[in-house]
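Trainee: Provide a 3D model corresponding to the input given below.
(2 chains)
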Amino acid sequence: MYRVLLPIDDDEDRVDAQVQTVLELPGPRNGVEVTLLHVIDDERASIPKPTQIAAGQHAEERLTAAGVRTLERGETGDPARAIIESARDLGADLIVLGGRKRSPLGALVFGSVSNRVVRDARRPVTITGPIDHLERPSHRCVTCGETYYTSRETGISTCRRCGGIHVERVRDDALEANA
Amino acid sequence: MVQRVLVPVDGSAHSRRALEVTLEEFPDAEVVVFHAIDRYDVALVSEPAVWDDEFPERQERAAEALLEEYRDLADGHGVEVRTELARGKPADAILVAVDEFGADHVVMGSRGRRGVARVLLGSVAEKVARRAPVSVTVVRPPET
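Mentor: Next comes the predicted model:
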C-alpha cells in the first residue's frame, strides 16, 4: 500500500491541485491510501477533522470517487511539526503539499510551513505546481475568450486583454454535479 | 499520468537519492537526468582550477563523467535514462530545462553537494519548487 499524507487548509484550489497530484500517481488507485491531515495552530483547540471543512470534504469526495482509500487525521500545534510527525506515525511514502496560489507577481510564495516540511521530512515531499497546471481556468472573458487562473472568489471587472467588462467565473462541473 | 520527469543532479548523495526515487516511483515515465554547469563551481574539477582556455572543456568532461555515473545507476535498475547538460546558474537552468524538455514533473534533492552541512533547504531546490510550472518532489537521502 502506497501511503500519502495530504495536509490541507481551507483553500479549495490548493486542495484540488493536491488531489490531482495523487490521482496522477502511477499504479492502480486501490494501491494508494491517502490520509487527509488538518492542523490547527493552537494547542488549546479541539482536535479538528478534515472533513469538517469544505476543502476536506471536497478532497474526500474526489478521492473516494476515484477509488482511493481516504482516511483523516487532525492535530493541534505547530503545523510543520505535526505534518512531519504524522508522516512518521503513518509510515507515509509521500507527503503532498499545496504550493501557494499565484501572487500578482506570478510566482508562488513558498510558505514557511512548506519550507520546514521539505527541509525536515525524512521522506519525499511533492509541492504541487500552480493552479494553471491543472488547465482548469477560474474565469473566462465572454468577449474575447481570455482565460484566468486565480481564485474563484476573485471578482474580475475588466478583461486584461480586451478591456471587456464581462469576465465570468467558469463553472466547476464536478462541484455542480454534487450540489 | 506523469510522463516525463526531469531529475536535476549535481553529484551529491541527495541527487542519487532523487534518481533512485524517480526510478522506483515513476517506472513508466521517461527520465531526463539534467546537470547545469555553473561556471563558478570549481569543486567539480579534480585538478586545481586554472582559469585558462581549457577550463570550460575540463568542466564539461567532468560533467559528462558525472552524468555517466547516473546512467550507470539507472542501468543498475534496468532503466535507460536520457542525460542533458547545460551551462548556467542551476536554478535558472533547471527552470528552462523543464520547458525545453517538456517535463511534467521534477524530482530533486533538497540540498546539493555544495550545501553546508546544516539543515536549511538549499536555495536551488527552493527556487525551483517555488517557480516551476509543474509539481516538484523534493527528496533527501535516508538517515544513516
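
Trainee: Any idea what B:Leu6 is bridged to?
Mentor: B:Val32, B:Val106 (DSSP bridges).

Trainee: mind checking which helix or strand of the chain has the lowest mean pLDDT?
Mentor: No chain in the question, so chain A it is. Lowest on mean pLDDT, DSSP states H and E among the helices and strands of chain A sits helix A:173-178, with a mean of 44.

Trainee: wrong one, I was asking about chain B
Mentor: Going by mean pLDDT, DSSP H and E, chain B bottoms out at helix B:123-131, a mean of 86.

Trainee: what's the spacing between it and its chain's center?
Mentor: 13 Å (C-alpha atoms, centre = their mean, to the nearest Å).

Trainee: Give me the next element, helix or strand, following that helix.
Mentor: Next helix or strand after helix B:123-131 toward the C-terminus (DSSP states H and E): strand B:135-139.

Trainee: that older thread, and the least confident helix or strand of chain B with chain A, contact?
Mentor: Yes - applying C-beta under 8 Å from any C-beta of the partner chain, one finds helix B:123-131 touching chain A at B:Ala125, B:Glu126, B:Ala129, B:Arg130, B:Arg131. Placement of C-beta: from N, CA and C, glycine included.

Trainee: mind listing what the first one touches?
Mentor: For B:Ala125, the contact set (C-beta atoms under 8 Å, 6 or more residues apart in numbering or on different chains) comprises A:Val118, B:Met108, B:Gly109, B:Ser110, B:Arg111, B:Gly112, B:Val136, B:Val138.

Trainee: any idea of the mean pLDDT in the host helix or strand of the first one?
Mentor: Take DSSP H and E as the rule and A:Val118 turns out to sit in helix A:112-120. For helix A:112-120, the per-residue pLDDT values average out at 84.

Trainee: Tell me the strands beside the helix or strand following that helix, with direction?
Mentor: Following helix A:112-120 in sequence order, the next helix or strand is strand A:125-127 (DSSP H and E). If you go by DSSP bridges, strand A:125-127 pairs up with strand A:94-97 (parallel), strand B:135-139 (antiparallel).

Trainee: thinking again about what came up before, from the residues of helix B:123-131 next to chain A, which single one is nearest B:Glu57?
Mentor: Taking C-beta to C-beta as the measure, B:Glu57 lies nearest B:Ala125 of the residues of helix B:123-131 next to chain A, at 28.9 Å.

Trainee: For the residue lying closest to B:Val2 once chain neighbours are set aside, list the residues it contacts.
Mentor: Computed as C-beta to C-beta, 6 or more residues apart in numbering or on different chains, the closest residue to B:Val2 that is not its neighbour in sequence is B:His105, at 4.6 Å. Residues near B:His105 by C-beta under 8 Å, 6+ apart: B:Val2, B:Arg4, B:Val5, B:Leu6, B:Phe26, B:Ala29, B:Val134, B:Ser135, B:Val136, B:Thr137.
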